[in-house]
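Asks: Requesting a structural model of the entry that follows:
(one chain, ligands or ions: 2)
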Amino acid sequence: MWTESVDLHCHSWHSDGLHSPTEMAERAFQSGVKVWSLTDHDTDTGWQEASNACEKLGMRFIPGVEITCEVELQSSTKNPSSWHLLAYFPEGASQEFSDWLLSLKDARVPRMKLMLQALAEMGHEIPLEDVEKFAEDSLGRPHLARAMVEHGIVESVSEAFEKWIGNDGPAFRERPLPTVSEAVKMVHQSGGLTSLAHPYYYGIELDVLVPTLLRLGVDCIEAVHNSHPDSYRWKLMQQGFPVTVGGDSHGTENRPSPGKICVPIKQLHPCFHP
Ligand SMILES: [Zn+2]
Ligand SMILES: [Zn+2]
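Replies: Ligands and ions are numbered 1, 2, ... in the order given. Model (predicted):
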């Protein structure tokens, strides 16, 4: 039996999505979703609204977060700046977990200040407020790039990354990220479970990736991600891990709504069964 009524990966304007949690919940509902998770990057600030919206719609809400972690294994084919770990709390999360997320966010401001300082030293002064006004939450490089466009330093967000703040750029500064193992530990301690988001992005062969995930204590694998080719989804489903399913909708044109993504119920972790 397959289902299309589960989507466990979605973003709102609490991170880099375009719409409110309510809007995304309604879009999920319209697409026939019955079990839905909002997984904004490194923040839980959208949960309350999402949960209220789901209650009205009669949809089951799973509080989730997509945690930005350090790269665990270096790839010879890809160069990701981080690994993404999805965390889910079917029974709700602890205060301790929320506090931990906040502590991660606090690390972002000092890092942004370092990048602004680097830009200033190269003749481009931008006040922190001019970056912050683009960020609903979780201040990051995309917001800085928009401020750079506004200040006329570059013409586009992509130019900002190419010339200045990409991973090899002169104004790039590392931010301290949690390791996958640290994040897994915190999620487990807070009563949740984890899934490695879109493994395709990391460029690691499965015979290396799978033992690593086992060692790290990751509970599931996001085999069915929007960007994965069918053949890769299928391979991931054969690894003995429970799987999760994620449309990764940001409310943008290419994928405006959660849902309409197929997963075999037998493979799906039991916590998420419709
Ligand atoms: Zn991601
Ligand atoms: Zn995502």
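Asks: Assign a three-state SS to E162, would you?
Replies: helix (DSSP: H, G, I helix; E, B strand; the rest coil).
Asks: and it, what does it touch?
Replies: G169 (C-beta atoms under 8 Å, 6 or more residues apart in numbering). C-beta: built from backbone N, CA, C; applies to glycine.
Asks: Could you measure from it over to ligand 1?
Replies: 21 Å (C-beta to the ion, to the nearest Å).
Asks: now swap in G251 and tell me
Replies: 15 Å.
Asks: Surely that residue touches M24?
Replies: Yes. Counting by C-beta atoms under 8 Å, G251 touches M24, with 6.2 Å between them.
Asks: Give me the neighbour count for the residue lying closest to S190 once chain neighbours are set aside.
Replies: Nearest non-adjacent residue to S190, counting by C-beta to C-beta, 6 or more residues apart in numbering: F97, 3.7 Å away. F97 has 21 neighbours, counted by other C-beta atoms under 10 Å.
Asks: Break this protein into its domains for me.
Replies: 2-105+183-272, 108-165 (automatic domain parsing).
Asks: Out of these, which is the most enclosed?
Replies: Ranked by mean neighbour count, these are led by domain 2-105+183-272 with a mean of 19 (mean count of other C-beta atoms under 10 Å).
Asks: Might you name the residue of the stretch 101-250 of the chain sitting closest to ligand 2?
Replies: With C-beta to the ion, the shortest gap between the stretch 101-250 of the chain and ligand 2 falls at D248, namely 4.5 Å.
Asks: got a pLDDT number for that residue?
Replies: Looking at D248, its pLDDT reads 98.
Asks: can you give me the helices in this structure?
Replies: Here the chain has its helices, by DSSP state H, at 21-30, 47-57, 95-106, 108-121, 128-132, 141-150, 157-160, 180-189, 206-216, 230-237.
Asks: export the ones you listed to CSV and tack on mean pLDDT and distance to T68?
Replies: Output for these, formatted as CSV (pLDDT from 0 to 100; distance: least, C-beta to C-beta, whole Å):
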stretch, mean pLDDT, distance to T68
helix 21-30, 98, 20
helix 47-57, 98, 18
helix 95-106, 88, 8
helix 108-121, 91, 10
helix 128-132, 94, 18
helix 141-150, 92, 12
helix 157-160, 93, 19
helix 180-189, 97, 9
helix 206-216, 96, 16
helix 230-237, 96, 21
